[in-house]
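Enquirer: My questions are about this predicted structure, shown below with the sequence.
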Amino acid sequence: MKKLPLSQLDAFFAALAAGQELYIPAGDAGTAAFTPWREGLKLTPALNTSRSAKDLFFPQVENLVDFKVTGKQIEIIENRAPAKPFVIFGVRACDCRSFDILDKVFLADPADTYYKTRRENGTIVTLACTEPEETCFCTALGIDPANPAGDVSGWIAEDTLYLQANTGKGSALLETLPMLEEGEKPELDQPVFDRLPLKDLDWSAFGGERMMEHFNSPKWASLAESCLGCGSCTFVCPTCQCYDIKDFNTGSEIKRFRCWDSCMYSDFTLMSAGQPRPTQLERFRQRFMHKLVYYPSTHEGEFGCVGCGRCLQKCPISMNIVKVAGTLGKEETP
Amino acid sequence: MRHDPLIPMLAQVTDIRQDTPDVKTLRVVGLDGKKPFLHIPGQCAMLSIPGIGEALFSITSSPTNEDYLEFSIKKCGCVTDWLHAMEPGQQVTLRGPYGNGFPVDTDFAGKDLVFVAGGIGLAPLRSVINYVRHYRDRYGKVDIVYGSRSKADLVDYQEILDEWSKEDGISVHLTIDNPQPDWDGHVGFVPNYVKELAFDTGRTVVMCGPPIMIKFTLAGLMEQGFPRDQIYTTLELRMKCALGRCGRCNIGDKYVCKDGPVFRLDQLDQLPDEY
């Protein structure tokens, strides 16, 4: 294990950023975001970023390919910028788990090469949580916020940053940093996790089983009733991966973009032949069924949720996966 | 770097046939003039006109056709309007094939088959029918029930008359919704016609058509006692990627683009009714 006095954090960031682009969580609570490090940029005081770290592997908008159309001829122009290595510092345990969930979608054969290239070029340095928010529930999903994964795991205790490489990529990164000293992390207390309001969340009623029972539950009507369909939950979610593909004609060429999309939107599934999810009830149900049942069903029981709590904080009507699972999972007493 | 699965190949439309007032069949080859890829009957491909959009279409030609792919396309939106307006020689982009296809070499082998199609629903079944015709000795009796609004709306009418109807062991049963002067065939809706024809319940049924046709035909088949695991259909939902990632075409935990589009009725029974 390596260690570094926090007083040298700026020098540490500068050394990391010398070799590749470095992203750190910066900005005030509510707007904190992974930001390219420049001299003077400080770590956010907020526990986590407003949007998840998935943007760095699966950006909100990306140009896939360009076309030139001349008469009846079409030219395909592959304009992909050469991949550059980068480091993300300060990823929390929940967001780090979300990469495993996204990997199973984007790296399944045939792999999405845009995502794959970024994954290969990105080195993840996580940071353990010491003071979670009351909306956090990663522990209920088997994630240990005090011992995050990643290429390098990081802990801040007292005035020291401790770093432990977990992968070859992680070791290689730490070797480039001469200011690190050898050191052992002290035992850290974690009583705060035991006091989280959502720590006893029980999702045993969900997983890959009981799909039809949950789908046909009469409770969806009241749960979905006030959903505005704004899609905020899908945009802040670290595991939401739905996307749209759209062409834009610049006048001289046609640019094909991939953009995040949301199953909460009415035109998401709209076809000339009809609409399989005609009201917000079906769209709302789709999102939660995907996280709680459909994804686990095809991925060995793993939930499509990491308990980061962003949807709990951002939903304007205060509806969220915890309430949905709590209501649906409750046994009826006749 | 290996091409991304979302990056299409270039292809060329060599022939456009006006099948019905709103259906055209496009013949597509690669830029080298050859068939772009091999497929299984029932599989689909993404056709696109850059700047207009990309959409998934079933491949209507049989894999036994070694020269080109064909797509029968009904005019009903932005992309299909454009495909209808273009002329032969136009390049398009193509990627695929996608989906599971019909089990033509396994479950269908040796079976007596009944094909039931309505309107443009014939497009995916035509690939299977011509495959079955090519390997005629691998299958038993074949009946084809096909209905449309009017005579003019029957897709591939000429091929049905000139080829399918004349083949031994294949019976073609055409029907149109309303009587018209130049039609001396059956008049009436497909579900009732299928019931009238009273097929043996040991036969394998392959169905594609508008939801309302499927619904009532199924009800009739159930009444006659057909087992649900002998009925196949092919589905269509909105898609962007065709790789099970864009998140649109799932029915429960199955994606139509990669786990379908072909499903057996007993498989659909296990899934939510959301298609």
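Expert: Arrived safely.
Enquirer: what about the strands in chain A?
Expert: A:2-5, A:21-26, A:33-36, A:61-70, A:73-77, A:86-91, A:122-126, A:152-157, A:160-165, A:181-182, A:243-249, A:254-260 (DSSP state E).
Enquirer: Same question for the stretch 51-200 of chain B.
Expert: B:53-58, B:69-74, B:91-98, B:113-118, B:142-148, B:170-176, B:186-187 (DSSP state E, counting those that start in this stretch).
Enquirer: Run through who's touching the first one.
Expert: If I follow you right, that is strand B:53-58. A:245-247, B:8, B:42-48, B:71, B:73, B:77-80, B:93, B:98, B:123-124, B:127, B:234, B:236, B:239-240, B:242, B:257, B:261 (Cβ atoms under 8 Å, 6 or more residues apart in numbering or on different chains). In this view, the C-beta of every residue, glycine as well, is placed from N, C-alpha and C.
Enquirer: Filter the residues you listed down to just the buried residues.
Expert: Buried residues within the contacts of strand B:53-58, counting neighbours by 16 or more other Cβ atoms under 10 Å in any protein chain shown: A:245, A:247, B:8, B:42-48, B:71, B:73, B:79-80, B:93, B:98, B:123-124, B:127, B:234, B:236, B:239-240, B:242, B:257, B:261.
Enquirer: Among those, which lie within helices?
Expert: Within the buried ones among the contacts of strand B:53-58, residues falling in helices by DSSP state H are B:Val79, B:Thr80, B:Ala123, B:Pro124, B:Ser127.
Enquirer: which of these sit farthest apart?
Expert: Between any two of these, the greatest separation by Cβ to Cβ is 20.7 Å, found for B:Val79 and B:Ser127.
Enquirer: In contact with the closest residue to chain A within the stretch 101-250 of chain B: list those residues for me.
Expert: Of all residues in the stretch 101-250 of chain B, the one sitting closest to chain A is B:Gly247 (3.2 Å; Cβ to the nearest Cβ). By Cβ under 8 Å, 6+ apart, the contact set of B:Gly247 is A:Gln241, A:Cys242, A:Tyr243, A:Asp261, A:Cys263, A:Phe268, A:His290.
Enquirer: now B:Phe199
Expert: Contacts of B:Phe199 by Cβ under 8 Å, 6+ apart are B:Val114, B:Asp143, B:Val205, B:Gln224.
Enquirer: go on, A:Asp261?
Expert: Taking Cβ under 8 Å, 6+ apart, one finds A:Cys242, A:Tyr243, A:Asp244, A:Phe268, B:Lys240, B:Cys246, B:Gly247 in contact with A:Asp261.
Enquirer: Apply 7 Å and report the result again.
Expert: Residues in contact with A:Asp261, defined by Cβ atoms under 7 Å, 6 or more residues apart in numbering or on different chains, are A:Cys242, A:Tyr243, A:Asp244, A:Phe268.
Enquirer: Just give me the neighbour total for B:Val190.
Expert: 28 (other Cβ atoms under 10 Å in any protein chain shown).
Enquirer: If you could redo that for A:Pro178, that was the one I meant.
Expert: The burial count for A:Pro178: 8, using other Cβ under 10 Å.
Enquirer: Not counting sequence-adjacent ones, nearest residue to it?
Expert: Leaving aside its sequence neighbours, A:Pro178 sits nearest to A:Ala15 (Cβ to Cβ, 6 or more residues apart in numbering or on different chains; 7.6 Å).
Enquirer: Against A:Leu173, how distant is the one you found?
Expert: 10 Å (Cβ to Cβ, to the nearest Å).
Enquirer: same thing with B:Ile212?
Expert: Counting by Cβ to Cβ, the gap from B:Ile212 to A:Leu173 is 61 Å.
Enquirer: Tell me which of the two has more neighbours.
Expert: With neighbours defined as other Cβ under 10 Å, B:Ile212 and A:Leu173 compare such that A:Leu173 has more, 22 against 12.
Enquirer: my guess is the more buried one contacts A:Gly154, does it?
Expert: No. Applying Cβ atoms under 7 Å, one finds A:Leu173 not in contact with A:Gly154, separated by 11.6 Å.
Enquirer: Which residues are in contact with B:Pro191?
Expert: If you count contacts by Cβ under 7 Å, 6+ apart, then B:Pro191 has B:Met213, B:Phe216, B:Thr217, B:Gly220 around it.
Enquirer: at 6 Å instead, please
Expert: Residues in contact with B:Pro191 (Cβ atoms under 6 Å, 6 or more residues apart in numbering or on different chains) are B:Phe216, B:Thr217, B:Gly220.
Enquirer: Double-check that the second one belongs to a helix.
Expert: Yes. Secondary structure assignment (DSSP: H, G, I helix; E, B strand; the rest coil) places B:Thr217 inside a helix.
Enquirer: What parts of chain A come near chain B?
Expert: A:64-65, A:67, A:69, A:72-74, A:105, A:110, A:113, A:211, A:215, A:242-245, A:247, A:249, A:254, A:263, A:269, A:271-272, A:276, A:294, A:297-298 (Cβ under 6 Å from any Cβ of the partner chain).
Enquirer: Just the closest residue of the stretch 151-300 of chain A to chain B, please.
Expert: Closest point on the stretch 151-300 of chain A to chain B, by Cβ to the nearest Cβ, is A:Cys242, at 3.2 Å.
Enquirer: got the contact list for B:Met9?
Expert: Here B:Met9 is in contact with B:Leu94 (Cβ under 6 Å, 6+ apart).
Enquirer: Would you agree B:Arg149 is in contact with B:Asp177?
Expert: Yes. Taking Cβ atoms under 6 Å as the definition, B:Arg149 is a contact partner of B:Asp177 at 5.0 Å.
Enquirer: Can you tell me which residues in the stretch 1-150 of chain B are near chain A?
Expert: B:Asp4, B:Pro5, B:Leu6, B:Ile7, B:Leu10, B:Pro50, B:Gly51, B:Cys76, B:Gly77, B:Gly89, B:Gln90, B:Gln91.
Enquirer: Contacts only, for A:Gly150.
Expert: A:Gly150 touches A:Cys96, A:Ile124, A:Thr126, counting by Cβ under 6 Å, 6+ apart.
Enquirer: Quick one: residues contacting the first one.
Expert: Neighbour list for A:Cys96: A:Thr126, A:Pro148, A:Ala149, A:Gly150 [criterion: Cβ under 6 Å, 6+ apart].
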